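[1] Pasting the sequence and the predicted model now:
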Amino acid sequence: MAAIRYVERNPVRTKMVNRPWQWKRSSAAAHIGGTDEIVDVIEIKESVGVSKESWREHIESDDNAPDVEVLRKHTMTGRPLGGDGFIGELNRQLGQVVSVLQRGRPRKDLKK
């Protein structure tokens, strides 16, 4: 939910519009009950479990600084953001580790 909010608030954050749904290329208008001529959007209630009215209030309120910081960090590093189960499933499906590993050489197994 924080990621959708972050994306839909980008035009406000960059001072291109006053309200998220005013940006022509945003799905915010469709999420609060308007139309989106570019893409079909899933009902906001189906995707995040809140009503259109609640979503409007949610994206109109100020940014949550910790959420924005985490989202920016993961965007800048190119690392996926999610819980252990989600990251584990990505690792399995991609056949590689997508999470951050400890720096340096792998430690020797001291149990031998």
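    Received the coordinates, thanks.
[2] Pop the domain breakdown of this structure in here.
    Under the assignment automatic domain parsing, the domains of the chain span 2-60, 65-94.
[3] Let's see the pLDDT reported for Ile44.
    pLDDT, Ile44: 67.
[4] do the same with Asp36
    Reported pLDDT for Asp36: 72.
[5] would you list the domains of the chain in a markdown table and tack on mean neighbour count?
    Where C-beta positions appear, they are placed from N, C-alpha and C, glycine not excepted. Below are the domains of the chain laid out as a markdown table (neighbours: other C-beta atoms under 10 Å):
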| stretch | mean neighbour count |
| --- | --- |
| domain 2-60 | 16 |
| domain 65-94 | 12 |
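[6] now those domains as CSV including distance to Val100?
    Shown next, in CSV, are the domains of the chain (distance: least, C-beta to C-beta, whole Å):
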stretch, distance to Val100
domain 2-60, 19
domain 65-94, 6
